[in-house]
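[1] need a 3D model of the following:
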Amino acid sequence: MKDLEANILSILKSSLKELAQTKNLDLEKIEKLFNKTVKTSLSELSKALDKTYQDQLKTKDISI
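    The predicted structure is shown next:
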C-alpha cells in the first residue's frame with residue numbers, strides 16, 4: 001500500500017509542477033496545499049481499504 005501511495009504522490013507532484021510552470025502559478029503555495037490535501041486523502045484511503053479488508057476477513061471462512 002505504501003508503494004501505491006508513493007507512486008500516486010509522485011505522479012501528482014510531477015503533474016502539479018508541470019501545470020505550475022505552464023500557467024505561471026505560485027508553486028510554493030500550491031505545493032503546500034497540494035501536499036496537505038494529498039497526504040490526507042491517501043491516509044483516508046489507506047484507512048478505508050484496511051477497514052474493508054479487515055471486515056472481509058471477518059466475514060470469510062478461511063481454511064488452511
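[2] where's the helix or strand bottoming out on mean pLDDT in the chain relative to the chain centroid, distance-wise?
    Lowest by mean pLDDT, DSSP states H and E among the helices and strands of the chain is helix 2-23, with a mean of 79. In terms of CA atoms, centre = their mean, to the nearest Å, the centre of helix 2-23 is set 11 Å apart from its chain centre.
[3] list the buried ones in it?
    By neighbour count on 16 or more other CB atoms under 10 Å, the buried set for helix 2-23 is 5, 9, 12, 16, 20. C-betas here are computed from N, CA, C, even on glycine.
[4] so what pLDDT did the closest residue to L19 other than its chain neighbours get?
    Of all residues not flanking L19 in the chain, L25 sits nearest, at 7.2 Å (CB to CB, 6 or more residues apart in numbering). Looking at L25, its pLDDT stands at 77.
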